[in-house]
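K.L.:
quick one, fold the following:
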Amino acid sequence: MTERQTEALEKLNQGIQESRREVQQRTMNLAQDYFEESAEALKQQIKENRATLDSLPDQVPGGREEAFQTLFQELMENYSAIEESIDEAQKSVTDLDTDQIRRQGEVEATDAARREAKERGVDLTKVEGTGSDGRIIVSDVVEAAEAMEEEDGAASQAAQEAQDAAGQAAGQAQQVAGQATDQAGQVASQAQDAASGAAQQAQDTAGQAAGQGQQAAGGDGSGEPRATNAAKRKAEQMGIDLSSIQGSGSGGLITIRDVTGS
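P.N.:
Okay, the predicted model is just below:
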């Protein structure tokens with residue numbers, strides 16, 4: 001084969017590859033547009049059906065009874081679930097990486113390897129083929145899937161370890177807080193006991209001082225000097241203030257002799 005023939009074949013092959021890529025891209029775009037239009041048509045139909053059903057309970061006998069209302073509510077919820085599914089499907093189609101899909105279609109791989117990659121969620125563009133002329137075979141896909149699982153497992157383990165460490169730290173902090181609370185309670189209790197003891201001691205001291213003052217004044221605790229009845233009558237007759245008289249009796253008791261001075 002001459003050099004000119006080789007160049008012609010290369011140009012022909014290049015043209016075929018470019019045409020194939022263009023056809024694939026147009027096919028993907030058409031599929032996305034068709035799905036978008038179909039989804040919008042379905043959503044519009046559901047919207048119209050729901051609007052029609054809104055007045056249904058008032059149009060049928062027993063439409064406001066509990067049994068009918070339950071079925072009616074389930075039907076309306078099913079419509080909502082269908083709408084949500086359509087929205088999710090639209091988002092998935094919109095987010096499709098058509099270039100990646102095209103590249104995967106261009107990757108040299110066996111049909112079995114493509115099926116295996118689809119089942120395991122493996123991107124063929126990231127798999128290195130070990131088959132003839134670098135073609136991807138099933139074992140290449142399996143090895144790539146296992147490597148992905150190991151990476152996911154390591155990430156999950158790291159996340160779990162971080163979560164466990166955070167839980168331990170939180171538990172330790174809670175324990176320290178509990179100990180601090182207990183210590184604060186003990187200190188408060190001790191302070192309260194000390195205050196109560198001091199108050200009682202002060203009260204006892206005050207009582208003793210009052211008793212001693214009364215005793216020194218010769219009183220009986222009622223605010224009057226301690227005196228015999230005869231001394232009281234005599235002091236009243238003579239107009240004498242008993243508090244001005246020093247008792248000579250037992251314990252400072254004022255007697256009639258102290259009043260009369262005899």
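
K.L.:
residue contacts, the closest residue to Arg50 other than its chain neighbours?
P.N.:
Leaving aside its sequence neighbours, Arg50 sits nearest to Tyr79 (C-beta to C-beta, 6 or more residues apart in numbering; 5.4 Å). The way it works is simple: take the backbone N, C-alpha and C, and place the C-beta from them, glycine included. Going by C-beta atoms under 8 Å, 6 or more residues apart in numbering, Tyr79 touches 46, 49-50.

K.L.:
for those, could you give me TSV that also reports secondary structure, distance to Asn29 and pLDDT?
P.N.:
As requested, these are exported to TSV (DSSP: H, G, I helix; E, B strand; the rest coil; distance: C-beta to C-beta, whole Å; pLDDT from 0 to 100):
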residue	secondary structure	distance to Asn29	pLDDT
Ile46	helix	26	85
Asn49	helix	31	83
Arg50	helix	32	79
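
K.L.:
can you tell me which of those comes closest to Arg115?
P.N.:
Arg115 lies nearest to Ile46 out of the contacts of Tyr79, by C-beta to C-beta, at 35.0 Å.

K.L.:
pretty sure that closest one contacts Ile82?
P.N.:
Yes. Counting by C-beta atoms under 8 Å, Ile82 is a contact partner of Ile46 at 6.1 Å.

K.L.:
and those two? Which one has more around it.
P.N.:
Using other C-beta atoms under 10 Å, the more surrounded residue of Ile46 and Ile82 is Ile46, with 16 against 13.

K.L.:
need the contact list for the more buried one.
P.N.:
79, 82-83.

K.L.:
rerun at 10 Å
P.N.:
78-80, 82-83, 86 (C-beta atoms under 10 Å, 6 or more residues apart in numbering).

K.L.:
so which of these is the closest to Lys126?
P.N.:
Nearest to Lys126 out of those is Ile86 (C-beta to C-beta; 31.4 Å).

K.L.:
separation between that closest one and Tyr79?
P.N.:
11 Å (C-beta to C-beta, to the nearest Å).

K.L.:
what element comes up after whatever helix or strand Glu10 lives in heading to the C-terminus?
P.N.:
In this assignment (DSSP states H and E), Glu10 forms part of helix 3-53. Using DSSP H and E, the next helix or strand after helix 3-53 towards the C-terminus is helix 66-94.

K.L.:
do you know how far Asp258 is from Ala8?
P.N.:
To Ala8, Asp258 is 156 Å away according to C-beta to C-beta.

K.L.:
mind checking which of those two has more residues around it?
P.N.:
Higher neighbour count among Asp258 and Ala8: Asp258, with 21 against 12, using other C-beta under 10 Å.

K.L.:
got the contact list for Glu128?
P.N.:
Contacts of Glu128 (C-beta under 10 Å, 6+ apart): 134, 136, 140, 143-144.

K.L.:
mark which of the residues you listed are buried, thanks.
P.N.:
For the contacts of Glu128, a burial check counting by 16 or more other C-beta atoms under 10 Å picks out 136, 140, 144.

K.L.:
just checking, the first one touches Arg115?
P.N.:
No. With contact defined as C-beta atoms under 10 Å, Ile136 does not reach Arg115; the gap is 11.9 Å.

K.L.:
so what sits against both of the two?
P.N.:
Ala109.

K.L.:
which helix or strand in this protein has the lowest average pLDDT?
P.N.:
helix 98-106 (a mean of 58; mean pLDDT, DSSP states H and E).
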